[in-house]
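Engineer: When you get a sec, could you give me coordinates for this:
(one chain, ligands or ions: 3)
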Amino acid sequence: MSTARPDPRALGTLALTTGRAAAAFVREQRPAGRVDVAATKSSPTDPVTEIDRGTEHLVRSRILADRPHDTILGEEGGETAGEESLSSAGAVRWVVDPIDGTVNFVYGLPHYAVAIAAEVDGVVEAACVIDVASGHEYTAVRGGGAFVRESPSRRAVRLRAVGPSQMSHALVATGFNYVPEIRARQAQAVARMLGDVRDIRRTGSAALDLCALAAGRLDAYVEQGLAPWDIAAGGLIAREAGAVVTGLDGPPDARLVVAAPEAFAQEFIRLVHACGF
Ligand code: IPD
Ligand code: CA
Ligand code: CA
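Structural biologist: Ligands and ions are numbered 1, 2, ... in the order given. Reported below is the predicted structural model:
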């Protein structure tokens with residue numbers, strides 16, 4: 001087993017080639033009309049399809065074919081420990097959401113993504129989010145900026161998060177957890193925020209919300225009840241585009257994820273707290 005610290009760019013390349021194969025699989029497998037729900041997870045409205053499972057299987061096989069000792073945390077399969085213990089220096093853990101935006105996917109709303117992040121020693125070093133319907137590829141390597149390509153053959157364009165001129169002009173994305181008690185609290189906080197901002201968007205994919213923030217198509221993002229696979233890849237992309245991505249009292253976690261361009265972040269975080277998120 002190698003003890004050399006992995007090259008983040010090589011991890012980024014593997015994330016992207018794997019993400020492309022996974023997005024192609026999702027596109028091919030999706031039948032016309034509604035997709036059958038195979039089971040539900042955190043609540044009766046939290047669906048999983050056979051295509052979510054098949055996509056995660058494909059992602060796991062591709063990553064392990066190249067890096068058999070790595071750990072993988074995937075939404076559908078949980079964490080499978082690699083031979084390389086996560087406590088040893090340079091250990092890699094992949095964090096995978098095979099389809100982020102499964103409700104959109106089930107209904108045929110063209111807004112869902114494959115999200116893959118590679119952590120080294122617990123820090124996300126490389127990530128890709130592929131918007132399956134449009135084919136747009138969002139990528140980042142820590143310290144190297146965030147980029148979008150409209151397709152594999154197009155040139156990569158650097159992303160830059162842009163804030164609003166004032167709070168009342170802020171277009172804010174959010175989402176609602178599948179668990180009714182959590183979403184009831186979220187709804188109250190969002191209702192308090194509505195009067196202070198331009199408007200709210202609920203697109204159904206946290207990973208794509210973070211990419212939209214990175215691309216300047218949103219001014220800010222706030223959500224509660226997310227899992228690591230919802231935010232690992234999009235979080236790095238937003239940060240590398242100049243956004244602050246933070247949580248309640250430290251890194252983002254299930255209690256809170258807030259993201260906004262650097263110059264606007266403190267003001268937005270104050271509003272988030274004042275609204276009771
Ligand atoms: C969901 C999406 C959604 C967010 C939910 C997530 P899934 O992920 O990211 O935007 O609001 O909380 O669970 O279930 O489609 O992978
Ligand atoms: Ca998700
Ligand atoms: Ca998912």
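Engineer: residue ranges of the strands in the stretch 51-200 of the chain, please?
Structural biologist: For the stretch 51-200 of the chain, the strands defined by DSSP state E, counting those that start in this stretch cover 71-74, 78-80, 92-100, 113-120, 123-131, 137-141, 146-149, 157-158, 171-174, 199-201.
Engineer: Show the contacting residues for residue 107.
Structural biologist: residue 34 (CB atoms under 8 Å, 6 or more residues apart in numbering). Just so you know, the C-beta spots here come from the backbone N, C-alpha and C atoms, and that holds for glycine as well.
Engineer: Quick check: it vs residue 130, distance?
Structural biologist: From residue 107 across to residue 130, the span is 20 Å (CB to CB, to the nearest Å).
Engineer: out of the strands of the stretch 51-200 of the chain, which comes closest to ligand 2?
Structural biologist: Ligand 2 sits nearest to strand 92-100 of all these, at 3.9 Å, using CB to the ion.
Engineer: who does the closest one pair up with?
Structural biologist: strand 71-74 (parallel), strand 113-120 (antiparallel) (DSSP bridges).
Engineer: Quick check: buried residues in stretch 241-255?
Structural biologist: By neighbour count on 16 or more other CB atoms under 10 Å, the buried set for stretch 241-255 is 241, 242, 243, 244, 245, 246, 247, 248, 252, 254.
Engineer: out of those, which are inside strands?
Structural biologist: 243, 244, 245, 246 (DSSP state E).
Engineer: out of those, which one sits closest to ligand 3?
Structural biologist: Distance to ligand 3 across these (CB to the ion) is lowest for residue 245, with 19.2 Å.
Engineer: Residue 239 is in contact with the closest one, correct?
Structural biologist: Yes: when contacts are counted by CB atoms under 8 Å, residue 245 is listed as touching residue 239 (5.3 Å).
Engineer: and the longest helix anywhere in the chain, which residues are buried?
Structural biologist: Criterion DSSP state H: the longest helix present in the chain is helix 8-29. Judged by neighbour count (16+ other CB under 10 Å), helix 8-29 contains these buried residues: 8, 11-16, 18-23, 25-26.
Engineer: same deal with stretch 135-143?
Structural biologist: Those would be 135, 136, 137, 138, 139, 140, 141, 142, for stretch 135-143 by 16+ other CB under 10 Å.
Engineer: do you know how far the residue most central in space within the chain is from ligand 3?
Structural biologist: What sits nearest the mean C-alpha location of the chain, by CA atoms, centre = their mean, is residue 207, with 2.9 Å. Per CB to the ion, to the nearest Å, residue 207 is found 9 Å from ligand 3.
Engineer: Give me the phi and psi angles of that residue.
Structural biologist: Phi and psi for residue 207, reported as degrees, to the nearest 10, are phi -60, psi -40.
Engineer: quick one: pLDDT of it?
Structural biologist: At residue 207, the model reports a pLDDT of 98.
Engineer: Repeat that for residue 2.
Structural biologist: 52.
Engineer: What parts of the stretch 101-250 of the chain come near ligand 1?
Structural biologist: 101, 102, 175, 176, 177, 204, 205, 206, 223, 225, 226, 230 (CB under 6 Å from any ligand atom).
Engineer: go with 8 Å
Structural biologist: 101-105, 112, 174-178, 202-207, 209, 223, 225-227, 229-230 (CB under 8 Å from any ligand atom).
Engineer: Output the residue of the stretch 101-250 of the chain whose distance to ligand 1 is smallest.
Structural biologist: residue 175 (2.5 Å; CB to the nearest ligand atom).
Engineer: Now do the same contact list for that residue.
Structural biologist: Taking CB under 8 Å, 6+ apart as the definition, contacts of residue 175 comprise 202, 203, 204, 206, 209, 223, 226.
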